[in-house]
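Visitor: Below are the sequence and a predicted model for it; my questions follow.
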Amino acid sequence: MAVLSTLRRQQLKDQLALFTKTYSTHRPLVQRILNIGFVLYVLGTTFRGLSARPAKPSSRAKKGSEKDTGKAPRVAVDAVFYQRLARILRIVIPGIRSKEALLLVMHSGLLVFRTAISLYVAALDGKIVASLVRARPLEFFWNILRWLLVAVPATWTNSWLSYIQNKLAIAYRTRLTQVVLKEYLGEENEGAQGKVYYKLANLDDRIKNADQMITHDIQRFSAHLAAIYSNLAKPTLDVILYNYQLSQNVGAEGLIILTVLVQTTAALLRRVTPPFGAYTALSAQLAGQLRHAHSRLAEFAEEVAFLRGENMEKLLLQRDYATLILHERKVLRRRWWFGCAEEGIVKWLWGSFGLVLCAIPVFFKIPGAENLDLGSRTEGFVTNRRLLLSASDAFGRVMYSYKDLSELAGYTSRVSLLLDSMQDMRKSRFEKAMVSSALTGENAKLLRGRGNVMMSEDIEFENVPIVTPNGDILVRSLSFRIKHGQHLLIVGPNGCGKSSLFRILGGLWPVYGGIVRKPPASEFILIPQRPYLSLGTLRDQVIYPHSKETMEERGITDNDLLNILSVVQMEGVVEREGGWDVAREWRDALSGGDQQKIAWARLFYHQPKYAVLDEATSLVPPDMEGRMMEHATKLGITLLTVSHRPSLWKYHHMILHYDGQGGYVFTKLDAEKRLALQQEKQALETKLLEVPKMRARLAELRALA
Ligand SMILES: Nc1ncnc2c1ncn2[C@@H]1O[C@H](COP(=O)(O)OP(=O)(O)OP(=O)(O)O)[C@@H](O)[C@H]1O
C-alpha cells in the first residue's frame, strides 16, 4: 500500500516537473496570448463599465416626459444618453477637418506622449534606486540628470494639455451657442416656423428658463465634454500601457489575478454609485428656477415696491433657495460617503493588492523567469510599484470618470431638451397643459384641426377660431374682412380675445381652422400699452430693429429722425438726453407717455402697411392721440386699434365688437351715430339710477299726503 502511494506521489512529481518544463519553454507564447487577452479584457470591461450601468432613477427622476417644471428628466448613462450625445457631437465637431477635430487630434497626441513620458519616468525611478542599492554614484547622478531633463517635456505637455482642453470647451460652447441662437431667434422673415423664443415661453410648458439653459447649461456641458475626453482617453490608454508593461515585468499571471480582484471590487463600487447624472440635471433645473424668481423680482421691482410685497417675495425666494439647498445637501452627503468608499477601494485596497503583486517575483520562482541580483530586484520592485500605482490611479480615474460621465449625462439631457423643444416649436408640436374643456367632444376636434394662412394685401379671417395656448376657445368661428386703408377698431370686455387676434396675425399663435389672408408679418408693427425699448442708443429706440447702417442705407438721416420726433412733440428729448448716440436703460429714463410716443415715432420711421395699436395711446393726451392717428393715416398706414376711448372712434371705418361670450359683431363704424347712441345710453342709465330714489320719495309723499 505504502509502495503504491509513494509511486503515485513520484508520478505526480514527474507530471508537475514535466508541466513546469513545458510551461517554461512555452511561457513567452503563453505570456503573449495572456497579454493580448488581458488588454482586450481591460478595454472591454472599461467600456462596458461605462455604458451598461442601468438607469437608476431617483424618486424625482422617474421615467416620463421631460419637463422643466415638476418632473425631472430621465438621466442615466445608457443608450438614450449615447444617442443624445452623438447628436450633439455632430454639432460641436462638424467634420474631421473642423477646428475641434484638429484640437482633439492634438490632444490625443499629447496624451500618448505624456503616457510615454510616465513609462520612461517609472523605469528611471527603478534605475535611480538600483544605482543607490548598488552604491554607484556616477550612475546615480547620470540618472538624476536624465530625470531633470525629462521634466522639461513633461511640464510642457501638461500645460499644453490643459490649454487645449480649455480651448476645446470654448470651441464646443461656441458651436452649440451658435446653433441654438440660430434656432432660438431664427431669421427675420421666417413666418410660422420662426419665433421659437416666443413659442417656448408661451405655447409650451417644457422649458421655463431657456436663458439659463443657453448660458449656464451649455457652458457646463461643453466644459464636461472637453474634460471627459482626457478623463477617459488618458486613463484608458494608461491602464492598457501600464498593465502591458507590468505584465512584461511581473508576468501576466499575477496581473490577471489582480485584475479579477480589482474588477470584483469595481463592480461592487459601481453598484453603490448614486445616480449623479440625475442629481446634476435636477441641480441645474432648481438653480434655474431660483434665478428666474430673482429676475422676476428685478423686472417688477417697482410694482412689488408699491404693493409692499417684500415679505411675500422673500418667502418665494426662500422657498426656491431651500429646495435647491436641500437637494445640494443631499448630493453632498452622498458624495461624502461615496468618496470614502471610492478612495478606500481605489487607493488603499487596490494599492495593497499591487504591493503583493510586486512581491511575487521576489518570493516565488516563476517558471521561465530569470534569476536576478539584489540591485535588479530592487529596480524591478520600484519600477513595478510605480507602474502599479499609476495603473491603479488610471483605473481609478476610469472609475471616477463614470461620475463625470453621469454629470455629462445630466447636462446632455438639458441641452437635448432645449434642442428637441426648439425643433418641436418649429414643427408646431407643443406640449402644454390644456383646460379640461379642451380635451373632449367638439372642442377636442377643433383643437386637432389646422387652418390655412395665405398671403394677401388685405386682411381677411374666414371661419377662424380664436383659441388660447391652453385650449380655451374664445371665439369658435370668426369672419371679417378689411381692405388696406380701412382702419379697424376692436372692442369688447377684458380677456375676450382682442389681443389674441393680433397674435394670430403676427404668426405667434397657431391657426386651428379656417383661412387667414394677410400680408406677411413684416408688414405689421405692434404698439402695445408698454412698448418695448431695446438696449442701445436713443436712435436705436426710434429705428428698432434697424441698425444705424440700415437706416443710412435707406437714405434717412438723424435730421429726418428729428422731424419724426417733432410729430410726437419729442424733439427736445435728443438734446435733453445728450444726443442720438447716448445709450441708457430707456425703460427707466423715459416716462410711460414718452415711451408710447417713441413707439409711435418708430411706426412713422418704418411706415409699415398695418399698425396694430393695443391701448397704444392710453398714456398720451387726447390732442396728441389725434395728431398721431392723423399722421399715420397720411402715411398710408392702416390702423388696427384696441382701445376703450370713444375719442378714437372717429378715426376708424370698421368695428369688430366681441360680446365676451364667444360672439361678435363686425360692421361699419359710424362714429357720430355711435357716439350719439352712446350718449343717449349713458343718459338713460343715469336716469335709471335715479328711479329707486324717486320711488322711495314717492312712497314717502304718499304716506305724508
Ligand atoms: N400665452 C398665453 N397662454 C395662455 N393663455 C393666454 C396667453 N396669452 C393670453 N392668454 C389668454 O387668452 C385670453 C385672451 O387674452 P387677450 O390678451 O386676447 O385678451 P384681451 O381681449 O386683449 O383682454 P384685455 O382687454 O384685458 O387686454 C385671456 O384669457 C388670456 O388669459
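Guide: Nice, I can see it.
Visitor: C-alpha only now, for contacts and for neighbours.
Guide: Noted.
Visitor: helix, strand or coil for residue 687?
Guide: helix (DSSP: H, G, I helix; E, B strand; the rest coil).
Visitor: Just give the number of residues close to it.
Guide: By other C-alpha atoms under 10 Å, the residues close to residue 687 number 10.
Visitor: got a pLDDT number for it?
Guide: At residue 687, the model reports a pLDDT of 87.
Visitor: check contacts around it.
Guide: The contact partners of residue 687, by C-alpha atoms under 8 Å, 6 or more residues apart in numbering, come to none.
Visitor: mind starting the numbering at 20 from now?
Guide: Yes, from this point I'll number from 20; that puts the last item at residue 706.
Visitor: Pull the contacting residues for the residue in the stretch 520-669 of the chain positioned nearest to the ligand.
Guide: Going by C-alpha to the nearest ligand atom, the ligand is nearest to residue 520 of the stretch 520-669 of the chain, at 6.7 Å. Applying C-alpha under 8 Å, 6+ apart, one finds that residue 520 lies in contact with residue 485.
Visitor: Average pLDDT for the strand or helix carrying it, rounded please.
Guide: Under the criterion of DSSP states H and E, residue 520 resides in helix 517-524. Mean pLDDT, helix 517-524: 91.
Visitor: That one: which residues count as buried?
Guide: By 16 or more other C-alpha atoms under 10 Å, the buried positions in helix 517-524 come out as 517, 518, 519, 520, 521, 523, 524.
Visitor: Residue 448: neighbour count?
Guide: 13.
Visitor: Mind checking what secondary structure it has?
Guide: Going by three-state DSSP: residue 448 is coil.
Visitor: re the thing from before, residue 480 versus the residue of the stretch 520-669 of the chain closest to the ligand, what's the distance?
Guide: 10 Å (C-alpha to C-alpha, to the nearest Å).
Visitor: now swap in residue 602 and tell me
Guide: Distance from residue 602 to residue 480, counting by C-alpha to C-alpha: 42 Å.
Visitor: Tell me which of the two has more neighbours.
Guide: Shown here are residue 602 and residue 480; by other C-alpha under 10 Å, residue 480 has more neighbours (20 against 16).
Visitor: wait, the more buried one sits on residue 535?
Guide: Yes. In terms of C-alpha atoms under 8 Å, residue 480 counts as a neighbour of residue 535; the distance is 4.8 Å.
Visitor: any bit of whichever strand or helix holds residue 630 sitting next to the ligand?
Guide: Here residue 630, judged by DSSP H and E, is contained in strand 629-633. No. Strand 629-633 does not reach the ligand (C-alpha under 6 Å from any ligand atom); its nearest approach is 7.9 Å.
Visitor: What strands line up against that strand, and which way round?
Guide: Strand pairing for strand 629-633, using DSSP bridges, gives strand 543-546 (parallel), strand 657-661 (parallel).
Visitor: following that strand, which helix or strand shows up next?
Guide: Immediately after strand 629-633, counting by DSSP H and E, sits helix 641-653.
Visitor: In that next one, which residues are buried?
Guide: 644, 645, 647, 648, 651.
Visitor: That one relative to strand 657-661, how many degrees between them?
Guide: Relative orientation of helix 641-653 versus strand 657-661 (axes from the mean of the first three to the mean of the last three C-alpha atoms, to 10 degrees): 140 degrees.
Visitor: quick one: contacts of helix 641-653?
Guide: 586, 587, 619, 623, 636, 657, 658, 666, 667, 670.
Visitor: could you redo the last one with a cut-off of 7 Å?
Guide: 587, 623, 636 (C-alpha atoms under 7 Å, 6 or more residues apart in numbering).
Visitor: Got the phi and psi for residue 673?
Guide: Here is the backbone geometry of residue 673 (degrees, to the nearest 10): phi -120, psi 160.
Visitor: ignore the last one, residue 513
Guide: Torsion angles, degrees, to the nearest 10, at residue 513: phi -60, psi 140.
Visitor: Find the residue closest to it in space, skipping its chain neighbours.
Guide: Spatially, and ignoring its direct neighbours in sequence, residue 513 is nearest to residue 679 (7.8 Å; C-alpha to C-alpha, 6 or more residues apart in numbering).
Visitor: Against the ligand, how distant is the one you found?
Guide: Counting by C-alpha to the nearest ligand atom, to the nearest Å, the separation of residue 679 from the ligand is 8 Å.
Visitor: Look at that residue and say how many residues are nearby.
Guide: 17.
Visitor: OK, contacts around it?
Guide: 511, 512, 515.
Visitor: if I look at the most centrally placed residue in the chain, how far off is residue 377?
Guide: The residue lying closest to the centre of the chain (C-alpha atoms, centre = their mean) is residue 232, at 2.8 Å. Going from residue 232 to residue 377 by C-alpha to C-alpha gives 50 Å.
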